[in-house]
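Trainee: Take a look and give me a structure for this.
(2 chains)
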2 protein chains.
Amino acid sequence: MRDIFEAELTQLGEDLAAMSRLVEHAITNAGIALLTADLALAESVIVDDAAIDAIEADIDERCVQLLAQQAPVATDLRVVVSSLRVSASLERMGDLARHVAQVARGRYPRHAVPQSMAGTFAEMHDAAVRVARRTSTLLTNRELALAESIEADDDLLDELHEDTFTALLGGSWAGTPQETIDVTLLGRYYERFGDHAVSVAKRIVYLVTGVTSDDLDRSAT
Amino acid sequence: MRDIFEAELTQLGEDLAAMSRLVEHAITNAGIALLTADLALAESVIVDDAAIDAIEADIDERCVQLLAQQAPVATDLRVVVSSLRVSASLERMGDLARHVAQVARGRYPRHAVPQSMAGTFAEMHDAAVRVARRTSTLLTNRELALAESIEADDDLLDELHEDTFTALLGGSWAGTPQETIDVTLLGRYYERFGDHAVSVAKRIVYLVTGVTSDDLDRSAT
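Mentor: Below is the predicted model:
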C-alpha cells in the first residue's frame, strides 16, 4: 500500500515537471511568434494550451483521489496539497503564454510590438524563458538555488514591465492606440507569468525545507 | 468527533461567505473611488485587502488541518478541496479590487477614466458589484439560480470589456497614452473579476449537485 502511494507521489512530481516543460515550450514559442510575427507558431501555442489544461484536470483529480484513498498526513499531505496549487499556477502560466500568442496572431502580418519596444520585449522573452526553464528544472531536481534565480528574473520582469510604462508615457511615444493596448497587456502577461513562477518556486522551497516566508504566494497577487 | 467536524465544515462555509462580503465591499468601494476620484476611499480598499489575504491564509491552513485530522472522503472531501479553491478565487478578486483602487489613487486628483468612457465603467462597476453580492449570497444560501445570474453578468462584463477596445480603437478616441493604459488595464481587471466569480459559482454548483460542466473553471482563464 505504502509502495503504491510512494509511486503515485513520484508520478505526481514527474507529471508536474512534464507540465512545466509544456509551459516552457509554450512561452518560448509565444515569445518567438510575437517577436517575429510568426502566425503558424502563434496558432500552435494557442492550440497546444488545451493539453496543459488537460494535465491540470488530471493532476487535480488524482490529488483528490489520493486524499480520499490514502488520507495522507504530514509531508505526504503537504506534497498533495502543494501539487494542487502548483498545477493551478502552471495552468495559469500556460494561459498567459496563450494570451501572448493571441496578441501575435491578432496583429499578423504586422508585428504587435513596435520596433521601438522590440528590445524590451526581447528581454522580457528571455527572462520569461529562463524562468520557465528553471521552474521545470526545480520541479525535477529540487535544487533550491534555482528558486532564487527565478525570483531574480521575476524582479527583472517587473523592471522591464515598468520600462514599458516609461516608454508609453514618455513624450516620444508615437504608437497607435492598438500598439498602446498591446504593449500594456503584453507587459502585464509577462509580469504575471513571473509572479506565478515565483509562487511555484516558493511552494517547492516550502515542500523541501518546511520553511515558508511571510509573503508565501503574496508575490503572485 | 463527527459533530466537531460538521461544526468545522459549517464554520468554513461561513468564513468563505464572510470573505466574499469583504470582496463585495472592496469592489464596491474601488468602483466608487474610481468613478468619483475619491482618494480616501481608494486608500481604504488598498489597506483593507490585507484582511482578505489573511482570511485566505487562515482558511487554507484550516483546510489542510481538516484533511490531516479528519481524513474526509466523498462529499466532505469535496467541500474541503473546494474551499481551498474558492478562497484562492476570492483572494484574487480582492486583489483585482485593490488594483482598481490603485489606478484611482494613482491618477488622483484627476479621474482615471475619461468622461467619454465613464458610462461604460459605471456599467462595469454595477455588474461587478452585482456579481460580488450574488457570490456572497450563493456562498451563504446555496441558491443555485444565482450561479446563472453571475454567469449572465460575467457575459455582460465581457461585452463591456469589448466595448472599451471598440472605443479605444475607434477614430474618435482622443485620450492620452496614460488614459489608454488605464482603460486597458481597468477593463481587464473587471473582466477577470467576473471570471473568478464564475469559477466560484461553478464550484458551488458542483458541490451542491455533484454535476460539473465540461468547462469547469475553464471560464477563469
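Trainee: And the residue of chain A that's closest to chain B?
Mentor: Proximity to chain B, evaluated over chain A using CB to the nearest CB, is greatest for residue A:71 at 3.4 Å. From N, CA and C alone the C-beta is placed, and that goes for glycine too.
Trainee: And the residue most central in space within chain A, how far from residue B:83?
Mentor: Geometric centre of chain A, nearest residue: residue A:93, 3.3 Å, by CA atoms, centre = their mean. Distance, residue A:93 to residue B:83, by CB to CB, to the nearest Å: 24 Å.
Trainee: And residue A:103, by the same measure?
Mentor: Residue A:103 is 35 Å from residue B:83, by CB to CB.
Trainee: Could you tell me which ranges of chain A sit under the pLDDT cut-off?
Mentor: A:1, A:212-221 (pLDDT under 70).
Trainee: just the helices in it please.
Mentor: According to DSSP state H, chain A carries its helices in the segments A:2-36, A:39-70, A:74-107, A:118-141, A:145-169, A:177-209.
Trainee: Identify whichever of these lies nearest to residue B:188.
Mentor: Ranking those by distance to residue B:188, with CB to CB as the measure, places helix A:177-209 first at 6.9 Å.
Trainee: chain center to the closest one, what's the gap?
Mentor: The chain centroid and the centroid of helix A:177-209 are separated by 6 Å, computed with CA atoms, centre = their mean, to the nearest Å.
Trainee: So it, near chain B or not?
Mentor: Yes - using CB under 8 Å from any CB of the partner chain, helix A:177-209 comes into contact with chain B via A:177, A:178, A:180, A:181, A:184, A:185, A:188.
Trainee: In a markdown table: the residues you listed, plus distance to residue B:146 and neighbour count.
Mentor: Output for the residues of helix A:177-209 next to chain B, formatted as a markdown table (distance: CB to CB, whole Å; neighbours: other CB atoms under 10 Å in any protein chain shown):
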| residue | distance to residue B:146 | neighbour count |
| --- | --- | --- |
| A:177 | 37 | 21 |
| A:178 | 38 | 16 |
| A:180 | 38 | 24 |
| A:181 | 34 | 23 |
| A:184 | 34 | 22 |
| A:185 | 31 | 20 |
| A:188 | 31 | 17 |
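Trainee: For residue B:117, state which of those is nearest.
Mentor: Using CB to CB, the residues of helix A:177-209 next to chain B come closest to residue B:117 at residue A:177, 12.7 Å.
Trainee: ok, now which ones touch the nearest residue to that closest one once chain neighbours are set aside?
Mentor: Closest residue in space to residue A:177, ignoring its immediate chain neighbours: residue B:168 at 4.9 Å, by CB to CB, 6 or more residues apart in numbering or on different chains. Taking CB atoms under 8 Å, 6 or more residues apart in numbering or on different chains as the criterion, residue B:168 is in contact with A:177, A:181, B:175, B:180, B:183, B:184.
Trainee: before we move on, what about residue A:72?
Mentor: Going by CB under 8 Å, 6+ apart, the list of residues near residue A:72 reads A:5, A:66, A:79, A:80.
Trainee: Out of those residues, which end up buried?
Mentor: A:66, A:79, A:80 (16 or more other CB atoms under 10 Å in any protein chain shown).
Trainee: Surely residue A:28 is in contact with residue A:136?
Mentor: No - shown here, residue A:28 and residue A:136 do not form a contact pair, counting by CB atoms under 8 Å, at 11.2 Å.
Trainee: which one of the two has more residues nearby?
Mentor: Higher neighbour count among residue A:28 and residue A:136: residue A:136, with 22 against 18, using other CB atoms under 10 Å in any protein chain shown.
Trainee: List the contacts of that one.
Mentor: A:17, A:20, A:21, A:23, A:24.
Trainee: in stretch A:3-19, what counts as buried?
Mentor: A:8, A:9, A:12, A:13, A:15, A:16, A:17, A:19.
Trainee: Skipping its backbone neighbours, what lies nearest the fifth one in space?
Mentor: It refers to residue A:15. Nearest one to residue A:15, counting by CB to CB, 6+ apart, is residue A:59 at 5.8 Å.
Trainee: Is there a neighbour count for the one you found? I'd like the number.
Mentor: 22.
Trainee: wait, it sits on residue A:87?
Mentor: Yes - judged on CB under 8 Å, residue A:59 makes contact with residue A:87 at a distance of 4.4 Å.
Trainee: Mutual contacts of these two, please.
Mentor: A:16, A:19.
Trainee: What about residue A:152, how many residues nearby?
Mentor: 14.
Trainee: Repeat that for the one 3 residues further on.
Mentor: Here the neighbour count serves as a burial measure; for residue A:155 (other CB under 10 Å) it reads 13.
Trainee: now the nearest residue to residue A:97 once chain neighbours are set aside: how far from residue A:94?
Mentor: Residue nearest to residue A:97 in three dimensions, not counting chain neighbours: residue A:26, with 3.7 Å by CB to CB, 6+ apart. In this structure, residue A:26 and residue A:94 are 6 Å apart, going by CB to CB.
Trainee: When these two are compared, which one has more neighbours?
Mentor: More crowded of residue A:26 and residue A:94, by other CB under 10 Å: residue A:94, with 30 against 26.
Trainee: Not counting sequence-adjacent ones, nearest residue to the more buried one?
Mentor: Nearest one to residue A:94, counting by CB to CB, 6+ apart, is residue A:52 at 3.7 Å.
Trainee: since we're on the one you found, how many residues are nearby?
Mentor: Residue A:52: 24 neighbours (other CB under 10 Å).
Trainee: Next: residue A:209.
Mentor: Neighbour number of residue A:209 under other CB under 10 Å is 11.
Trainee: Fine by me, thanks again.
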